[in-house]
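Peer 1: Coordinates for the following, if possible.
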Amino acid sequence: MGYTVKIKNIHSVTHNVKQFTTSKPEGYTFEPGQATEVAINKEGWKEEKRPFTFTSLPDEEDLQFTIKSYRDHDGVTNELDGLVEGDELIIDDAWGAIHYKGTGTFIAGGAGITPFIAIFKQLEKEGKLNGNKLIFSNKKQEDVILESYFQELLGNNFTSTLTDEKVDGHLNETIGMEFLKRNVDSFSQNFYVCGPDQMVKDISEYLKMLGAKPDGITFEK
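Peer 2: Numbering: from 1, shown residues only. A predicted model of the protein is given here:
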């Protein structure tokens, strides 16, 4: 089922990430953490569907997507980067395996943070943030999506690590076994992992080796 939605607002978040606020079809529903297939309502692009996560909450009047643009190749995100208010997108029904199952540690790489944005917004709204932690890996500080939001929201429960540069307030290493041993206090909790495929695969394996239950690890299959 396809729905046409109009872009109402575009806001830059980082040097290559924008938040697109669109109209919302009547009766449209999703859970925080879910995604949909998105296409651009222009000739030549209507069949080019890509998955993007909702970063708004289900009960909000509008929909919001937080999208990283890859400007080095002529694909959908590069085309999205050039859209303006008033342009239209085509979306499908919502889908996705990532949803909140209880207090735990969220581990994200780059644009893999997007499913967690709506989940943390919902937890904040419901007063259930306590005990939840976020570990967020990026190449450089300029790549960190909503850094100040997460710092303010989570305080000491927010850990940012940069793989390509050293900056005060951030760790400077990849998320491997030793990193997890030092930065996770219990492996019997829930884990939520989202990022590049290889990262998700590796971290899920590390967590299992460190004692996490396979059904306690949530990721997009």
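Peer 1: where does this structure have low pLDDT?
Peer 2: Along the chain, segments meeting pLDDT under 70 span 221.
Peer 1: per-domain residue ranges of it.
Peer 2: Using automatic domain parsing, the domain ranges for the chain come out as 3-91, 104-218.
Peer 1: For those, give me JSON lines that also has mean neighbour count.
Peer 2: The way it works is simple: take the backbone N, C-alpha and C, and place the C-beta from them, glycine included. Converted to JSON lines, the domains of the chain look like this (neighbours: other Cβ atoms under 10 Å):
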{"stretch": "domain 3-91", "mean neighbour count": "16"}
{"stretch": "domain 104-218", "mean neighbour count": "17"}
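Peer 1: pull the longest strand from this structure.
Peer 2: strand 3-14 (DSSP state E).
Peer 1: Contacts for that strand next, please.
Peer 2: 18-25, 28, 41, 62-63, 66, 83-92, 142-146 (Cβ atoms under 8 Å, 6 or more residues apart in numbering).
Peer 1: Recalculate using a threshold of 7 Å.
Peer 2: By Cβ atoms under 7 Å, 6 or more residues apart in numbering, the surrounding residues in contact with strand 3-14 are 18-25, 28, 41, 62-63, 66, 83, 85-91, 142-143, 145-146.
Peer 1: That strand pairs with which strands, parallel or anti?
Peer 2: Strands that pair with strand 3-14, judged by DSSP bridges, come out as strand 17-22 (antiparallel), strand 88-91 (antiparallel).
Peer 1: Indicate which one of the ones you listed is closest to Gly195.
Peer 2: strand 17-22 (14.6 Å; Cβ to Cβ).
Peer 1: Show me how far the closest one is from its chain's centre.
Peer 2: 13 Å (Cα atoms, centre = their mean, to the nearest Å).
Peer 1: ok, residues contacting the next helix or strand after that strand?
Peer 2: Once strand 17-22 ends, the next helix or strand along the chain (criterion: DSSP states H and E) is strand 35-40. Residues from elsewhere that reach strand 35-40, judged by Cβ under 7 Å, 6+ apart: 45-54, 65, 76, 79-80, 83, 89-96.
Peer 1: what's downstream of strand 35-40, the next helix or strand?
Peer 2: strand 50-53.
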